[in-house]
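A.B. asks: make a model of this:
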Amino acid sequence: MKGLYEDRPVRVEGLFRRLSNSKRVAIVSIMAVLSVLLPITFLLSSVAGTPVTSPRQQSCNTVDEGYQCFSGVSHLWGQYSPYFSVDDESSLSEDIPDHCQVTFAQVLSRHGARYPTASKSEKYAKLIKAVQHNATSFSGKYAFLKSYNYSLGADDLTPFGENQLVDSGIKFYQRYEELAKNVVPFIRASGSDRVIASGEKFIEGLQKAKLGDSKSKRGQPAPIVNVVITETEGFNNTLDHSLCTAFENSKTGDDAEDKFTAVFTPSIAERLEKDLPGTTLSSKEVVYLMDMCSYDTVALTRDGSRISPFCALFTQEEWVQYDYLQSISKYYGYGAGNPLGPAQGIGFANELIARLTKSPVKDHTTTNTTLDSNPATFPLNATLYADFSHDNTMTSVFFALGLYNTTEPLSQTSVQSTEETNGYSSAWTVPFGARAYVEMMQCTGEKEPLVRVLVNDRVIPLQGCDADEYGRCKRDDFIEGLSFVTSGGNWGECFA
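C.D. replies: Next comes the predicted model:
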């Protein structure tokens, strides 16, 4: 258990690599000065009796690295983990090569950390009330439960989640500064309040970074959420699934989740029932108590500096199992484990192709023809795009694009590591505040632009085309490799 609740030190080299040579020289000079000043500051503080706060304590949640607080636990919450950078989990550098210039960038983002959905919130409150009513003693790490007051909201972003998206906007600007300083991105959001709010907070961060950049173009209008696509059932929406009847009625994901839940929860339930005499917990209720760890944490503070006492009720091994359960849920619910999972991402993928090629959208799945045929609601001449969505649809998009084609079907009976899943996990792909970057760049000596994809800063080598040492493919080769998308895949099975 050592290190379970420690913060992961935030690395500065990732940021350092992305800076220009002139900025690197400036930072080296500053660091040289600091190396002299910091010991003096420490000495003066010691004399004055004022403790020096550790930089590590101050910076476990940053723009560049995301949420590194309590990383032994917080990175094992599946899609309920707050975004954390996984750039160091790839052998490929996320850097933009010096001889290349980014000419196009698209971010597909999940909303920030939120309160539980209304239906889940009711279940959590009911469970906690039952535990409080039935348990005859609350000792040790369980003591807080006796008087715990369930007061979480429902559906909306938490203040912590809002801050995540502000940071995301700042990071997007910093990465694509050469474009972002001169242009206004085109922004869409799916119609949930939390998704729209995420887009607005992203804009807040992006504008903050832009206004703080002396080289940015002045006098431009601030970005807005240009298009909100309703989530009304039956309405075409590439950012939220609802159209495919066979898919919506599928139980594939639920069945896989139930199967693995039955494997790992009985021993946990037995221990909890022993520690909380008088209680009886079902497998689902064990998972609900584990859910509370994340939901309570992201609601406690604006910066995530405190962790919920629910987290200490479970061991490291149990968190690994919980994290894998969430990966199974997404893989078999919305990814390749569901025959119609990737088909739910075809529409967005075809919109991406249209943007990369500046040509009309060709799609007969989830795209909205009225919106996508209008330059006001689907321009083709922009160079920066931002779309805000949900974890489920993003999972389908990733699989439609073939990003995880090398991932074999996940075991439903035993935990597999990210090495065994070839880098796939829900925490690595669709955490709260997740972001995927699709970037196109023009490089010296190359006639055709190159495309690559980063998911939470991890370069995903493109499949279906001849990826180079940076994980990139030539644009036309990349599109040619998306035959599943351009052919409409198996969308026809939705209504069979």
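A.B. asks: immediately after the longest strand anywhere in the chain, which helix or strand?
C.D. replies: When the chain is parsed with DSSP state E, its longest strand is strand 100-110. Using DSSP states H and E, the helix or strand that follows strand 100-110 in sequence is helix 118-134.
A.B. asks: what does that next one rub up against?
C.D. replies: 115-116, 145-146, 148, 150, 152-155, 276, 278-280, 285, 288-289, 291-292, 295 (C-beta atoms under 8 Å, 6 or more residues apart in numbering). Using the backbone N, CA and C atoms, a C-beta is placed for each residue, glycine as well.
A.B. asks: rerun that using 10 Å as the cut-off
C.D. replies: 115-117, 138, 142, 145-155, 272, 276-282, 284-286, 288-289, 291-292, 295-296, 310 (C-beta atoms under 10 Å, 6 or more residues apart in numbering).
A.B. asks: ok, of these, which come out buried?
C.D. replies: Taking 16 or more other C-beta atoms under 10 Å as the criterion, what is buried in the contacts of helix 118-134 is 115-116, 138, 142, 145, 148, 152, 272, 276, 279, 281, 285-286, 288-289, 291-292, 295-296, 310.
A.B. asks: just the residues you listed: which are in helices?
C.D. replies: Counting by DSSP state H, those place 272, 285-286, 288-289, 291-292, 295-296 in helices.
A.B. asks: what residue spans form the domains of this protein?
C.D. replies: The chain breaks down by automatic domain parsing into domains covering 92-113+158-247+333-495, 118-156+250-330.
A.B. asks: list the contacts of the most centrally placed residue in the chain.
C.D. replies: What sits nearest the mean C-alpha location of the chain, by C-alpha atoms, centre = their mean, is residue 434, with 1.6 Å. With contacts defined as C-beta under 10 Å, 6+ apart, the neighbours of residue 434 are 66, 79, 81-84, 108-112, 164, 168, 389, 391, 394-395, 426-428, 455-456.
A.B. asks: can you rerun that using 8 Å?
C.D. replies: 83, 109-110, 391, 394, 455-456.
A.B. asks: now these in TSV, with neighbour count and pLDDT?
C.D. replies: TSV is the format used below for these (neighbours: other C-beta atoms under 10 Å; pLDDT from 0 to 100):
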residue	neighbour count	pLDDT
83	27	99
109	26	99
110	30	99
391	20	99
394	26	99
455	23	99
456	22	99
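A.B. asks: list just the nearest of those to residue 73.
C.D. replies: For those, the minimum distance to residue 73 (C-beta to C-beta) is 15.5 Å, reached by residue 83.
A.B. asks: what sits against the closest residue to that closest one other than its chain neighbours?
C.D. replies: Closest residue in space to residue 83, ignoring its immediate chain neighbours: residue 433 at 3.7 Å, by C-beta to C-beta, 6 or more residues apart in numbering. Residue 433 makes contact with 66, 82-83, 109-113, 161, 164-165, 167-168, 198, according to C-beta under 8 Å, 6+ apart.
A.B. asks: what about 10 Å?
C.D. replies: So, once contact is read as C-beta under 10 Å, 6+ apart, residue 433 ends up touching 66-67, 81-84, 109-113, 157, 160-161, 163-165, 167-168, 198, 201-202, 456.
A.B. asks: may I see the buried residues of stretch 93-101?
C.D. replies: Buried, per 16+ other C-beta under 10 Å, within stretch 93-101: 94, 96, 100.
A.B. asks: widest-spaced pair of the ones in helices among the buried ones among the contacts of helix 118-134?
C.D. replies: Maximum distance among those (C-beta to C-beta): 18.1 Å, for 272 and 295.
A.B. asks: export the buried residues of stretch 93-101 to CSV and tack on distance to residue 264 and pLDDT?
C.D. replies: Formatted as CSV, those follow (distance: C-beta to C-beta, whole Å; pLDDT from 0 to 100):
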residue, distance to residue 264, pLDDT
94, 34, 94
96, 42, 94
100, 46, 97
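A.B. asks: and which of those is nearest to residue 314?
C.D. replies: residue 94 (32.8 Å).
A.B. asks: ok, for the closest one, nearest residue in space, not its chain neighbours?
C.D. replies: Per C-beta to C-beta, 6+ apart, closest to residue 94 is residue 87, 5.0 Å.
A.B. asks: the one you found is in contact with residue 428, isn't it?
C.D. replies: No - taking C-beta atoms under 10 Å as the definition, residue 87 is not a contact partner of residue 428, at 11.1 Å.
A.B. asks: which residues are in contact with both of these two?
C.D. replies: Joint contacts of residue 87 and residue 428 (C-beta under 10 Å, 6+ apart) are 456, 458.
A.B. asks: tell me which of the two has more neighbours.
C.D. replies: A direct count of neighbours by other C-beta atoms under 10 Å for residue 87 and residue 428 places residue 428 higher, at 22 against 19.
A.B. asks: ok, the more buried one to residue 326 distance?
C.D. replies: 11 Å (C-beta to C-beta, to the nearest Å).
A.B. asks: find residues that contact each of those two.
C.D. replies: With C-beta under 10 Å, 6+ apart, residue 428 and residue 326 have common neighbours 78, 81.
A.B. asks: give the contact list for the residue lying closest to residue 294 once chain neighbours are set aside.
C.D. replies: With C-beta to C-beta, 6+ apart as the criterion, residue 294 has its nearest non-adjacent residue at 3.8 Å, and that residue is residue 80. By C-beta under 10 Å, 6+ apart, residue 80 lies in contact with 74, 113-114, 116, 290-291, 293-295, 297-298, 322-323, 326, 391, 426-427, 431-432.
A.B. asks: model confidence for residue 80, exactly?
C.D. replies: According to the per-residue confidence, residue 80 scores 99 in pLDDT.
A.B. asks: just the CA coordinates of stretch 60-80, formatted as PDB?
C.D. replies: Extracted in PDB, the C-alpha atoms of stretch 60-80 (Å, rounded to 0.1, in the frame of the first residue of the first chain):
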ATOM      1  CA  CYS A  60       0.100  17.600  -8.500                       C
ATOM      2  CA  ASN A  61      -2.800  19.000 -10.800                       C
ATOM      3  CA  THR A  62      -1.400  21.000 -13.700                       C
ATOM      4  CA  VAL A  63      -2.300  22.200 -17.100                       C
ATOM      5  CA  ASP A  64       0.400  20.100 -18.800                       C
ATOM      6  CA  GLU A  65       0.300  16.800 -16.800                       C
ATOM      7  CA  GLY A  66      -3.300  16.800 -15.600                       C
ATOM      8  CA  TYR A  67      -4.300  15.100 -12.300                       C
ATOM      9  CA  GLN A  68      -1.300  13.500 -10.700                       C
ATOM     10  CA  CYS A  69      -2.700  13.700  -7.100                       C
ATOM     11  CA  PHE A  70      -3.100  10.400  -5.300                       C
ATOM     12  CA  SER A  71      -2.100   8.700  -8.500                       C
ATOM     13  CA  GLY A  72      -1.800   5.300  -7.000                       C
ATOM     14  CA  VAL A  73      -5.600   5.400  -6.700                       C
ATOM     15  CA  SER A  74      -6.900   8.200  -9.000                       C
ATOM     16  CA  HIS A  75      -5.500   6.700 -12.100                       C
ATOM     17  CA  LEU A  76      -7.400   3.500 -11.500                       C
ATOM     18  CA  TRP A  77     -11.000   5.000 -11.600                       C
ATOM     19  CA  GLY A  78     -11.600   4.100 -15.200                       C
ATOM     20  CA  GLN A  79     -13.700   6.800 -17.000                       C
ATOM     21  CA  TYR A  80     -14.200   8.400 -13.600                       C
END
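A.B. asks: just how off-centre is that stretch within its chain?
C.D. replies: Using C-alpha atoms, centre = their mean, to the nearest Å, the mean C-alpha position of stretch 60-80 is found 11 Å from that of the whole chain.
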